[in-house]
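Engineer: got a sequence here, can you build the structure:
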Amino acid sequence: MFKENMDTQAALGVISRMLHINTSSFGFAGTKDKRGVTTQFVTVWKTPPWKLAALNPRLRGIKLGNFAFAGSHLSLGHLRGNTFKIMMREVNTSDEQHIADAVSEVRQKGFINYFGLQRFGTGAVPTFRVGSVLLCGGWKTAVRLIMQGGPDERQEFQQARALYMDKEDIMGALKVLPNFLVAERAVLHALAKCGPNSHLQALQGIPRTLRSMYIHAWQSWLWNRIASERVKRYGADKVLAGDLVLLTPAAAQQQQQTDSPAKGSPAEGSERAEQAAAAAEQSGVDASDASVDEVAVGSLSSRLRSVHLVTADEVDSGRFSITDVVLPLPGSQVQYPQHAAGWELYCQLAAADGVRLPGITDQDFAAALQEAKKAAAADPAYNNVSARSAPASGAAASSSSDCAPASNSNAVQQQQQQPPVGHNVKEFDLAGLTGDYRKLLHVPTDLSHRVVRYQHPDQDDLLPTDWHELQASRTEHQKRQRMEQQGMSDPTADAPSQQQDPQGQPGDAAQNKNSTAAGSDDSTIQNGPGNAAPPPASAPEQTTGNAINRALVGVVLEFTLPASCYATMLIRELTKSSTSKASHKQLSMNR
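Structural biologist: Predicted coordinates:
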């Protein structure tokens, strides 16, 4: 499925309505960004290829092709990675050696493996803030946060939200709110059915994958902050005693036979690891983040078993490197690092949101609350600042909003000033999640680039999409067929082409992996390293209309990332600039 300017769920919703089937008939390994041109494999249950192909003339922004029968259904957890091809326009240097050096540095040293901004939503209130309130049991506050709109929202939508927020007119708000505001409409439907004060039932009326996203976003937000602190305190160039790494299966098995129980975490030793693995297997999915990170159950089980605490002797021997270091996403079955960016810091940052980590004692939680209050007194932005983004080796610091947005919501501030509320709702409790581990750094060893020079800032033929390549291949094939039928020889068969063809080889898209693009609408995807198209010829100078005639420089990046690794964070490290929405909006205004 090829799509542009819409997310995966929306695209499948369009197709399902045209086919008159349920969206559950479709299977996919991962969701792809809305802001990009993406191609991915999709399975559909008992639907013949001709029905799918017949939809193409009626589809807008979606194309279907490369049909084949499969023996099994795709599902979240099957994704191994994404191939990216991204066009960076109007690069502010024409020094190709400088560009090559910057790319080489990222290829060798990598980048901090932050969760990207899209993890935290685009609404007025970041999803991680809703998550922290849910973990505290603040059901009414959570409902109001979800219903809160932003200043950039269309006026009629703001008015619809106000009907509920100011007047509690549930039915009036439902009549106006559009269908694409899924969470808001689900909340209002449940309130209308169960009563205006049934806030927990309203939250549980939100689709499961969507409501679990709030908790996962909070885990990701906390991970980002810990990663920033780890790099800020110790740098991003060496492994430390007390760091965590993941061993290979063979090494992990050997280690379990010799290691004594680990200290400094709420659960200990091999017994903890076995319990974690069992919990993961019983859940049937990655209990910490399956709906978003697309991580297989077996992989989670393996990670929970194979975590290892680095010793001073191993640091001296050079057994591990910084690229081996992992940090935990909080849960009931993970260990924590044993240094200043470890268990106590996790507890302190969680306590600032009123969240108790699994395994923490009342005494330790009280101490963490006191430390959080001291930090907030010293830094007024402490509770509202998100992951203070620390640069990787040699990078320039970005804005503090770069790896998770801050929230100044009054409802959030009130929730943080109140003592944490206990509850026994398992799906909104960290004790019900196993947790997971995530690499601190990622090194994109296959990162490559080429420089493109062009004249017009809106030139749109610099990076052909998969669909354009298929269309070009089909046109060429049809041309050759006509020539063969007419008994004519192909004039290009034995001679080099007079014009560069950036479209790739016929059938390339059929070999394309699950792929996605990130960054801007200029992004697209290709078939991966090794199949890069040659640079297109520069556009001729425009001499009519309002065209802008100036020499511009662009850079095409190609690379592959594992599941849940964000291309925006690679670009952040490469450009030494923020990836926040506000930053890019300002860049557009300054064009």
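Engineer: which SSE is Met18 in?
Structural biologist: helix 8-19 (DSSP states H and E).
Engineer: what helices or strands is whichever helix or strand comes after that helix leaning on?
Structural biologist: Of the helices and strands lying after helix 8-19 in sequence (DSSP H and E), the nearest is strand 26-28. Contacts defined by 3 or more CB pairs under 8 Å, 6 or more residues apart in numbering; DSSP states H and E place strand 26-28 against helix 8-19, strand 42-44. C-betas here are computed from N, CA, C, even on glycine.
Engineer: okay, those, which one's buried deepest?
Structural biologist: Compared across these, strand 42-44 shows the largest average neighbour count, a mean of 20 (mean count of other CB atoms under 10 Å).
Engineer: that one pairs with which strands, parallel or anti?
Structural biologist: In the sheet, strand 42-44 lines up against strand 26-28 (antiparallel) (DSSP bridges).
Engineer: residue boundaries of the strands in the chain?
Structural biologist: Using DSSP state E, the strands of the chain run over 2-4, 26-28, 37-39, 42-44, 62-63, 81-88, 111-112, 244-246, 307-309, 325-329, 436-439, 441-442, 448-454, 552-562.
Engineer: pull the residues that contact the first one.
Structural biologist: This points to strand 2-4. Applying CB atoms under 8 Å, 6 or more residues apart in numbering, the contact partners of strand 2-4 are 11, 32, 36-39, 61-65, 465-467, 521.
Engineer: buried members of these into ChimeraX, please.
Structural biologist: A single ChimeraX command selects the buried members of the contacts of strand 2-4 (16 or more other CB atoms under 10 Å):
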select :11,32,36,37,38,39,62,63,64,65,465,466,467
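Engineer: which residues does Lys439 bridge with?
Structural biologist: Val326.
Engineer: ditto for Val307
Structural biologist: In this entry, Val307 is beta-bridged to Leu246, by DSSP bridges.
Engineer: what sits against it?
Structural biologist: Val307 sits in contact with Leu244, Val245, Leu246, Leu247, Ala273, Val326, Val334, Gln335, Tyr437, where contact means CB under 8 Å, 6+ apart.
Engineer: now render those as CSV, adding distance to Asn197 and neighbour count.
Structural biologist: Formatted as CSV, the contacts of Val307 follow (distance: CB to CB, whole Å; neighbours: other CB atoms under 10 Å):
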residue, distance to Asn197, neighbour count
Leu244, 44, 24
Val245, 49, 23
Leu246, 46, 19
Leu247, 51, 18
Ala273, 43, 24
Val326, 43, 22
Val334, 36, 30
Gln335, 41, 26
Tyr437, 40, 22
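Engineer: closest to Pro48 among the residues you listed?
Structural biologist: Taking CB to CB as the measure, Tyr437 is the one of the contacts of Val307 closest to Pro48, at 43.2 Å.
Engineer: quick check: pLDDT value at the closest residue in space to the closest one that isn't next to it in sequence.
Structural biologist: Leaving aside its sequence neighbours, Tyr437 sits nearest to Val326 (CB to CB, 6 or more residues apart in numbering; 4.1 Å). With respect to pLDDT, Val326 scores 96.
Engineer: any regions of the chain where pLDDT drops low?
Structural biologist: For the chain, the stretches with pLDDT under 70 are 250, 252-298, 380-422, 488-550, 581, 584-591.
Engineer: those helices in the stretch 201-350 of the chain, which residues are they?
Structural biologist: Counting by DSSP state H, counting those that start in this stretch, the stretch 201-350 of the chain has helices at residues 208-234, 249-258, 269-283, 290-293, 297-306, 312-317, 343-351.
Engineer: go through the strands of the chain and pick out the most buried.
Structural biologist: When the strands of the chain are compared using mean count of other CB under 10 Å, strand 37-39 is most buried, at a mean of 28.
Engineer: show me what that one is packed against.
Structural biologist: With contacts taken as 3+ CB pairs under 8 Å, 6+ apart, strand 37-39 sits against strand 2-4.
Engineer: quickly run through the sheet partners of the strand it packs on, with directions.
Structural biologist: Note on strand 2-4: by DSSP bridges, its sheet partners are strand 37-39 (antiparallel), strand 62-63 (antiparallel).
Engineer: out of those, flag the one nearest Glu90.
Structural biologist: The minimum distance between Glu90 and these falls on strand 37-39, with 19.0 Å, by CB to CB.
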